[in-house]
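> what follows is a predicted protein model with its sequence.
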Amino acid sequence: MFLTACGSSSSNSKKKSSSSTTASKSADDKFIVSGYKLGVIPEIPIPEIKGLGLVESTDAKITLDMTKSLSSVEGITVTPVRIKNGQVTSGSATVQTGEDGEGQYSDDEKSVQTDGSGAGQYTDGTVTIQRAPDGSGQYSDTKNKITMQVISDGSGQFNNEKDGISLQVTSTGEGSYKNEEKDQSITVVGDKAIYKHGDIVIMNNGDGTGSYTDSSKSLIIKNDGQGIATITLGSETKKVKADPLDAYGKLPKLKVVPAIPAVEANSIKITLDAGVLFDVDKYNIRKDAQKVLNDLAGILKKADIKSFQIDGHTDSDASEAHNQTLSENRANSVKKYLASQGVSATITTKGYGESKPIATNKTAAGKQKNRRVEITIPTV
(Lines give C-alpha, C1' and ligand atoms only; values in the text may rest on other atoms or scores of the structure.)
Protein backbone atom coordinates (compact mmCIF):
# COMPACT_ATOMS: atom_id res chain seq x y z
CA MET A 1 0.00 0.00 0.00
CA PHE A 2 2.82 2.42 0.87
CA LEU A 3 4.65 1.83 -2.40
CA THR A 4 1.49 2.26 -4.43
CA ALA A 5 0.57 5.48 -2.66
CA CYS A 6 4.07 6.86 -3.09
CA GLY A 7 4.05 6.12 -6.82
CA SER A 8 0.69 7.83 -7.25
CA SER A 9 1.92 10.89 -5.40
CA SER A 10 5.05 11.09 -7.58
CA SER A 11 2.94 10.79 -10.72
CA ASN A 12 0.59 13.51 -9.58
CA SER A 13 3.56 15.70 -8.65
CA LYS A 14 5.00 15.38 -12.15
CA LYS A 15 1.65 16.24 -13.71
CA LYS A 16 1.33 19.28 -11.45
CA SER A 17 4.89 20.35 -12.27
CA SER A 18 4.27 20.00 -16.00
CA SER A 19 0.97 21.85 -15.70
CA SER A 20 2.64 24.55 -13.61
CA THR A 21 5.44 24.99 -16.18
CA THR A 22 2.92 25.28 -19.02
CA ALA A 23 0.83 27.77 -17.04
CA SER A 24 3.95 29.78 -16.19
CA LYS A 25 5.04 29.87 -19.82
CA SER A 26 1.54 30.96 -20.87
CA ALA A 27 1.54 33.69 -18.21
CA ASP A 28 4.93 34.94 -19.46
CA ASP A 29 3.71 35.27 -23.07
CA LYS A 30 2.22 38.71 -22.47
CA PHE A 31 5.66 39.96 -21.31
CA ILE A 32 7.41 38.79 -24.52
CA VAL A 33 8.11 40.68 -27.75
CA SER A 34 6.82 38.41 -30.55
CA GLY A 35 9.62 36.30 -32.02
CA TYR A 36 11.95 36.86 -29.03
CA LYS A 37 12.70 35.19 -25.70
CA LEU A 38 11.46 36.57 -22.39
CA GLY A 39 13.36 39.72 -21.39
CA VAL A 40 15.13 40.13 -24.76
CA ILE A 41 15.10 43.60 -26.32
CA PRO A 42 15.02 43.36 -30.16
CA GLU A 43 18.16 44.59 -31.91
CA ILE A 44 17.93 47.94 -33.67
CA PRO A 45 18.07 47.00 -37.38
CA ILE A 46 20.86 48.31 -39.57
CA PRO A 47 19.12 49.91 -42.56
CA GLU A 48 19.95 48.96 -46.13
CA ILE A 49 20.03 51.35 -49.06
CA LYS A 50 19.07 49.68 -52.32
CA GLY A 51 21.86 49.79 -54.87
CA LEU A 52 21.54 52.13 -57.83
CA GLY A 53 22.91 49.73 -60.43
CA LEU A 54 19.66 47.87 -61.07
CA VAL A 55 16.15 48.90 -62.15
CA GLU A 56 12.89 47.07 -62.65
CA SER A 57 11.96 45.74 -66.07
CA THR A 58 9.05 47.55 -67.68
CA ASP A 59 7.62 44.09 -68.48
CA ALA A 60 7.80 42.81 -64.89
CA LYS A 61 4.82 40.72 -63.75
CA ILE A 62 5.46 41.77 -60.16
CA THR A 63 6.67 45.30 -59.42
CA LEU A 64 7.88 46.97 -56.23
CA ASP A 65 4.62 48.96 -56.09
CA MET A 66 2.63 45.71 -56.09
CA THR A 67 4.56 44.47 -53.05
CA LYS A 68 4.16 47.56 -50.84
CA SER A 69 1.86 45.60 -48.50
CA LEU A 70 4.90 43.39 -47.80
CA SER A 71 7.76 45.90 -47.90
CA SER A 72 5.91 48.21 -45.49
CA VAL A 73 6.13 45.49 -42.80
CA GLU A 74 9.05 45.77 -40.38
CA GLY A 75 11.53 42.96 -41.05
CA ILE A 76 10.69 42.53 -44.76
CA THR A 77 12.64 43.91 -47.72
CA VAL A 78 11.80 43.61 -51.41
CA THR A 79 14.61 44.11 -53.93
CA PRO A 80 14.88 43.79 -57.72
CA VAL A 81 17.65 41.34 -58.70
CA ARG A 82 19.11 39.97 -61.91
CA ILE A 83 19.73 36.24 -62.19
CA LYS A 84 21.97 34.94 -64.97
CA ASN A 85 23.75 31.58 -65.11
CA GLY A 86 22.84 30.97 -61.49
CA GLN A 87 24.43 34.23 -60.32
CA VAL A 88 22.31 36.80 -58.47
CA THR A 89 23.19 40.47 -59.02
CA SER A 90 21.69 43.13 -56.78
CA GLY A 91 21.80 46.88 -57.23
CA SER A 92 25.32 47.32 -55.84
CA ALA A 93 26.85 45.83 -58.99
CA THR A 94 28.28 48.01 -61.76
CA VAL A 95 28.92 47.24 -65.40
CA GLN A 96 32.09 48.54 -67.06
CA THR A 97 32.07 50.31 -70.39
CA GLY A 98 35.22 48.54 -71.57
CA GLU A 99 38.91 48.36 -70.74
CA ASP A 100 39.87 51.40 -72.83
CA GLY A 101 36.57 53.25 -72.87
CA GLU A 102 37.96 56.73 -72.39
CA GLY A 103 36.63 59.52 -74.63
CA GLN A 104 33.34 61.21 -75.40
CA TYR A 105 30.06 60.05 -76.86
CA SER A 106 26.70 61.71 -77.44
CA ASP A 107 23.53 61.11 -79.38
CA ASP A 108 19.89 62.23 -79.15
CA GLU A 109 19.36 60.23 -75.95
CA LYS A 110 22.57 60.33 -73.93
CA SER A 111 25.89 62.04 -73.37
CA VAL A 112 28.99 60.36 -71.93
CA GLN A 113 32.40 61.71 -70.94
CA THR A 114 34.67 59.13 -69.31
CA ASP A 115 38.31 58.40 -68.63
CA GLY A 116 37.71 54.67 -69.11
CA SER A 117 37.78 53.84 -65.39
CA GLY A 118 34.16 54.72 -64.65
CA ALA A 119 34.89 58.32 -63.69
CA GLY A 120 33.39 61.16 -65.67
CA GLN A 121 29.93 62.45 -66.50
CA TYR A 122 26.80 60.79 -67.85
CA THR A 123 23.28 61.98 -68.65
CA ASP A 124 20.38 60.45 -70.54
CA GLY A 125 17.62 62.92 -69.68
CA THR A 126 16.58 60.89 -66.61
CA VAL A 127 19.78 59.77 -64.93
CA THR A 128 22.67 62.17 -64.31
CA ILE A 129 25.99 60.94 -62.92
CA GLN A 130 29.09 62.88 -61.94
CA ARG A 131 31.75 60.54 -60.65
CA ALA A 132 35.36 61.05 -59.52
CA PRO A 133 38.03 58.29 -59.74
CA ASP A 134 37.63 57.58 -55.99
CA GLY A 135 33.89 56.88 -56.39
CA SER A 136 32.71 60.14 -54.87
CA GLY A 137 30.29 62.39 -56.70
CA GLN A 138 26.62 62.91 -57.35
CA TYR A 139 23.79 60.76 -58.72
CA SER A 140 20.31 61.88 -59.73
CA ASP A 141 17.40 59.87 -61.16
CA THR A 142 14.39 62.10 -61.88
CA LYS A 143 12.13 59.19 -62.88
CA ASN A 144 12.57 57.30 -59.61
CA LYS A 145 13.13 60.52 -57.61
CA ILE A 146 16.49 59.45 -56.19
CA THR A 147 19.42 61.71 -55.36
CA MET A 148 22.76 60.89 -53.74
CA GLN A 149 25.86 62.84 -52.80
CA VAL A 150 28.85 60.75 -51.72
CA ILE A 151 32.30 61.61 -50.36
CA SER A 152 35.11 59.08 -50.78
CA ASP A 153 34.97 58.09 -47.08
CA GLY A 154 31.36 56.89 -47.50
CA SER A 155 29.73 59.87 -45.83
CA GLY A 156 27.05 61.87 -47.55
CA GLN A 157 23.34 62.06 -48.21
CA PHE A 158 20.82 59.77 -49.91
CA ASN A 159 17.20 60.57 -50.64
CA ASN A 160 14.55 58.40 -52.30
CA GLU A 161 11.49 60.63 -52.44
CA LYS A 162 9.36 57.96 -54.15
CA ASP A 163 9.80 55.43 -51.33
CA GLY A 164 10.16 58.01 -48.55
CA ILE A 165 13.70 56.91 -47.61
CA SER A 166 16.49 59.26 -46.53
CA LEU A 167 19.94 58.78 -44.99
CA GLN A 168 22.49 61.26 -43.71
CA VAL A 169 25.67 59.61 -42.49
CA THR A 170 29.13 60.71 -41.36
CA SER A 171 32.40 58.86 -41.93
CA THR A 172 32.05 57.36 -38.41
CA GLY A 173 28.54 55.96 -39.00
CA GLU A 174 26.67 58.63 -37.03
CA GLY A 175 23.63 60.35 -38.49
CA SER A 176 19.98 59.67 -39.19
CA TYR A 177 17.86 57.32 -41.27
CA LYS A 178 14.16 57.62 -42.08
CA ASN A 179 11.73 55.33 -43.87
CA GLU A 180 8.31 56.97 -44.13
CA GLU A 181 6.68 53.92 -45.71
CA LYS A 182 7.54 51.81 -42.66
CA ASP A 183 7.09 54.71 -40.19
CA GLN A 184 10.64 54.00 -39.07
CA SER A 185 13.58 56.18 -38.01
CA ILE A 186 17.04 55.59 -36.57
CA THR A 187 19.28 58.23 -35.01
CA VAL A 188 22.89 57.52 -34.02
CA VAL A 189 24.94 59.93 -31.92
CA GLY A 190 28.26 58.62 -30.62
CA ASP A 191 27.65 55.12 -29.26
CA LYS A 192 23.96 55.77 -28.59
CA ALA A 193 21.23 54.67 -31.03
CA ILE A 194 17.49 55.43 -30.92
CA TYR A 195 15.00 53.51 -33.06
CA LYS A 196 11.35 54.44 -33.58
CA HIS A 197 8.71 52.41 -35.38
CA GLY A 198 5.10 53.42 -34.82
CA ASP A 199 4.39 52.90 -31.11
CA ILE A 200 7.75 51.20 -30.53
CA VAL A 201 10.90 52.94 -29.29
CA ILE A 202 14.19 51.09 -28.72
CA MET A 203 17.19 52.75 -27.09
CA ASN A 204 20.69 51.27 -27.09
CA ASN A 205 23.14 53.28 -24.99
CA GLY A 206 26.21 51.47 -26.30
CA ASP A 207 27.30 50.31 -22.83
CA GLY A 208 25.12 47.20 -22.56
CA THR A 209 22.11 49.10 -21.21
CA GLY A 210 18.99 50.01 -23.13
CA SER A 211 15.23 49.88 -23.27
CA TYR A 212 12.23 48.80 -25.33
CA THR A 213 8.87 50.59 -25.13
CA ASP A 214 5.64 49.65 -26.90
CA SER A 215 3.11 52.29 -25.86
CA SER A 216 0.24 50.44 -27.58
CA LYS A 217 0.69 47.52 -25.16
CA SER A 218 2.04 49.48 -22.15
CA LEU A 219 5.08 47.19 -22.34
CA ILE A 220 8.50 48.41 -21.18
CA ILE A 221 11.70 46.34 -20.99
CA LYS A 222 14.81 47.85 -19.40
CA ASN A 223 18.19 46.12 -19.54
CA ASP A 224 20.61 47.20 -16.81
CA GLY A 225 23.68 45.89 -18.64
CA GLN A 226 24.52 43.74 -15.62
CA GLY A 227 22.51 40.65 -16.52
CA ILE A 228 19.02 41.72 -15.47
CA ALA A 229 16.02 42.95 -17.48
CA THR A 230 13.07 44.61 -15.77
CA ILE A 231 9.78 44.12 -17.59
CA THR A 232 6.79 46.34 -16.90
CA LEU A 233 3.34 45.64 -18.34
CA GLY A 234 0.81 48.13 -17.07
CA SER A 235 0.92 47.73 -13.28
CA GLU A 236 2.77 44.38 -13.37
CA THR A 237 6.56 44.15 -13.05
CA LYS A 238 8.98 41.25 -13.17
CA LYS A 239 12.75 40.82 -13.36
CA VAL A 240 14.48 38.16 -15.47
CA LYS A 241 18.03 37.29 -16.48
CA ALA A 242 19.16 38.95 -19.72
CA ASP A 243 22.48 39.40 -21.50
CA PRO A 244 23.73 43.00 -21.86
CA LEU A 245 22.88 44.59 -25.22
CA ASP A 246 25.46 44.50 -28.00
CA ALA A 247 26.62 47.95 -29.07
CA TYR A 248 24.84 49.20 -32.20
CA GLY A 249 26.77 48.69 -35.41
CA LYS A 250 26.37 52.28 -36.73
CA LEU A 251 24.57 53.46 -39.86
CA PRO A 252 25.77 52.10 -43.21
CA LYS A 253 28.14 54.21 -45.24
CA LEU A 254 27.08 55.09 -48.76
CA LYS A 255 28.39 53.10 -51.68
CA VAL A 256 30.31 54.72 -54.50
CA VAL A 257 28.41 56.47 -57.26
CA PRO A 258 27.55 53.97 -60.05
CA ALA A 259 29.94 54.05 -62.97
CA ILE A 260 27.29 53.66 -65.68
CA PRO A 261 23.47 53.53 -66.01
CA ALA A 262 21.49 50.73 -64.43
CA VAL A 263 21.00 47.26 -65.88
CA GLU A 264 17.56 45.67 -65.90
CA ALA A 265 16.31 43.23 -63.28
CA ASN A 266 14.60 39.97 -64.24
CA SER A 267 13.52 38.80 -60.78
CA ILE A 268 12.42 40.10 -57.41
CA LYS A 269 13.74 38.93 -54.03
CA ILE A 270 11.61 39.13 -50.90
CA THR A 271 13.60 38.76 -47.67
CA LEU A 272 11.71 38.07 -44.45
CA ASP A 273 13.40 38.15 -41.04
CA ALA A 274 12.69 34.83 -39.34
CA GLY A 275 11.06 36.69 -36.46
CA VAL A 276 8.35 37.96 -38.81
CA LEU A 277 7.10 34.40 -39.36
CA PHE A 278 8.41 32.14 -36.61
CA ASP A 279 8.98 31.97 -32.88
CA VAL A 280 12.56 31.39 -31.66
CA ASP A 281 14.00 28.11 -32.96
CA LYS A 282 10.58 27.05 -34.38
CA TYR A 283 9.31 26.47 -37.91
CA ASN A 284 5.55 26.65 -37.41
CA ILE A 285 4.17 29.87 -38.87
CA ARG A 286 2.65 32.08 -36.18
CA LYS A 287 -0.99 33.08 -36.56
CA ASP A 288 -0.12 36.78 -36.52
CA ALA A 289 2.25 36.19 -39.47
CA GLN A 290 -0.39 34.68 -41.72
CA LYS A 291 -1.52 38.06 -43.11
CA VAL A 292 1.93 38.62 -44.62
CA LEU A 293 1.82 35.30 -46.46
CA ASN A 294 -1.83 35.83 -47.43
CA ASP A 295 -0.82 39.11 -49.09
CA LEU A 296 2.07 37.37 -50.86
CA ALA A 297 -0.22 34.57 -52.06
CA GLY A 298 -2.58 37.15 -53.54
CA ILE A 299 0.26 38.87 -55.40
CA LEU A 300 1.58 35.57 -56.79
CA LYS A 301 -1.83 34.46 -58.00
CA LYS A 302 -2.69 37.83 -59.55
CA ALA A 303 0.64 37.89 -61.44
CA ASP A 304 0.14 34.24 -62.53
CA ILE A 305 3.67 33.30 -61.42
CA LYS A 306 4.49 29.77 -62.65
CA SER A 307 7.50 28.97 -60.47
CA PHE A 308 9.70 30.45 -57.74
CA GLN A 309 12.28 29.57 -55.09
CA ILE A 310 12.12 29.68 -51.28
CA ASP A 311 15.40 29.50 -49.33
CA GLY A 312 15.82 29.19 -45.57
CA HIS A 313 18.83 30.56 -43.65
CA THR A 314 19.89 30.62 -39.98
CA ASP A 315 22.55 32.16 -37.77
CA SER A 316 25.42 30.06 -36.38
CA ASP A 317 23.90 29.39 -32.96
CA ALA A 318 23.30 25.66 -32.26
CA SER A 319 24.91 22.91 -34.34
CA GLU A 320 25.31 22.92 -38.12
CA ALA A 321 23.02 19.87 -38.39
CA HIS A 322 20.31 21.54 -36.29
CA ASN A 323 20.52 24.77 -38.29
CA GLN A 324 20.41 22.90 -41.59
CA THR A 325 17.24 21.06 -40.57
CA LEU A 326 15.64 24.24 -39.19
CA SER A 327 16.31 26.18 -42.42
CA GLU A 328 14.81 23.38 -44.53
CA ASN A 329 11.74 23.10 -42.30
CA ARG A 330 11.14 26.87 -42.38
CA ALA A 331 11.35 27.00 -46.18
CA ASN A 332 8.95 24.07 -46.44
CA SER A 333 6.53 25.65 -43.96
CA VAL A 334 6.27 28.77 -46.13
CA LYS A 335 5.77 26.58 -49.23
CA LYS A 336 2.99 24.56 -47.59
CA TYR A 337 1.20 27.66 -46.35
CA LEU A 338 1.28 29.41 -49.74
CA ALA A 339 0.00 26.23 -51.40
CA SER A 340 -2.82 26.09 -48.85
CA GLN A 341 -3.82 29.60 -49.98
CA GLY A 342 -4.25 28.51 -53.57
CA VAL A 343 -0.78 29.25 -54.99
CA SER A 344 -0.42 26.63 -57.76
CA ALA A 345 3.07 27.62 -58.96
CA THR A 346 5.93 25.13 -58.86
CA ILE A 347 7.77 25.99 -55.64
CA THR A 348 11.36 24.86 -55.09
CA THR A 349 12.72 24.98 -51.54
CA LYS A 350 16.24 24.77 -50.19
CA GLY A 351 17.75 25.13 -46.75
CA TYR A 352 21.24 26.59 -46.39
CA GLY A 353 21.50 26.48 -42.61
CA GLU A 354 24.28 28.81 -41.47
CA SER A 355 26.34 28.48 -44.67
CA LYS A 356 25.31 31.75 -46.38
CA PRO A 357 25.44 34.58 -43.83
CA ILE A 358 24.86 38.14 -45.05
CA ALA A 359 26.19 39.69 -41.83
CA THR A 360 28.49 38.82 -38.96
CA ASN A 361 27.36 36.17 -36.49
CA LYS A 362 29.35 37.86 -33.71
CA THR A 363 26.61 40.39 -32.89
CA ALA A 364 22.91 40.08 -32.12
CA ALA A 365 22.03 42.46 -34.98
CA GLY A 366 24.09 40.42 -37.43
CA LYS A 367 22.50 37.17 -36.30
CA GLN A 368 19.06 38.69 -36.80
CA LYS A 369 19.92 39.51 -40.42
CA ASN A 370 21.15 35.97 -41.00
CA ARG A 371 17.96 34.36 -39.66
CA ARG A 372 15.84 34.83 -42.75
CA VAL A 373 13.69 33.35 -45.50
CA GLU A 374 14.38 34.52 -49.06
CA ILE A 375 11.77 34.17 -51.81
CA THR A 376 13.10 34.73 -55.33
CA ILE A 377 10.45 35.22 -58.02
CA PRO A 378 11.08 35.54 -61.79
CA THR A 379 9.24 38.63 -63.03
CA VAL A 380 9.83 38.56 -66.80
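Perfect, thanks for sending it.

> which residues are in contact with Lys269?
Taking Cβ atoms under 8 Å, 6 or more residues apart in numbering, we find Lys269 in contact with 78-81, 88, 90, 374-377. C-beta here means a position set from N, CA and C on the backbone, and glycine is covered the same way.

> could you list the domains of this structure?
30-91+262-380, 101-206+245-260 (automatic domain parsing).

> mind checking which of these is nearest Ser215?
Among the domains of the chain, the nearest to Ser215 by Cβ to Cβ is domain 101-206+245-260 (4.6 Å).

> list the contacts for Thr126?
141-143.

> what about it, distance to Asn144?
Thr126 is 8 Å from Asn144, where distance means Cβ to Cβ, to the nearest Å.

> three-state assignment of the closest residue to Val256 other than its chain neighbours?
Sequence neighbours aside, Gly135 is the residue nearest to Val256 in space, at 2.8 Å (criterion: Cβ to Cβ, 6 or more residues apart in numbering). Secondary structure, DSSP: H, G, I helix; E, B strand; the rest coil: Gly135 is coil.

> isn't Gly135 up against Lys253?
No: in this structure Gly135 lies outside contact range of Lys253 using Cβ atoms under 8 Å: 11.2 Å.

> spit out the contact partners of Ala229.
Taking Cβ under 8 Å, 6+ apart as the criterion, Ala229 is in contact with 39-41, 221-223, 239-242.

> the residues you listed, buried ones only, as a PyMOL selection?
Buried residues among those (16 or more other Cβ atoms under 10 Å), as a PyMOL selection:
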select buried, resi 39+40+41+221+222+223+240+242
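
> which among the contacts of Ala229 gets closest to Ala331?
Taking the contacts of Ala229 together and measuring to Ala331 by Cβ to Cβ, the closest member is Val40, at 24.8 Å.

> show the pLDDT at that closest one.
At Val40, the model reports a pLDDT of 91.

> my read is that it contacts Ser34, right?
No: using Cβ under 8 Å, Val40 is not in contact with Ser34; the gap is 11.2 Å.

> next, count neighbours for Asp132.
I think there's a mix-up here, since residue 132 is Ala and not Asp. Neighbours of Ala132 under the rule other Cβ atoms under 10 Å: 16.

> quick one, what contacts Asp153?
Residues near Asp153 by Cβ under 8 Å, 6+ apart: 171, 253.

> let's go with 10 Å and repeat that
By Cβ atoms under 10 Å, 6 or more residues apart in numbering, the residues touching Asp153 are 134, 136, 170-172, 253-254.
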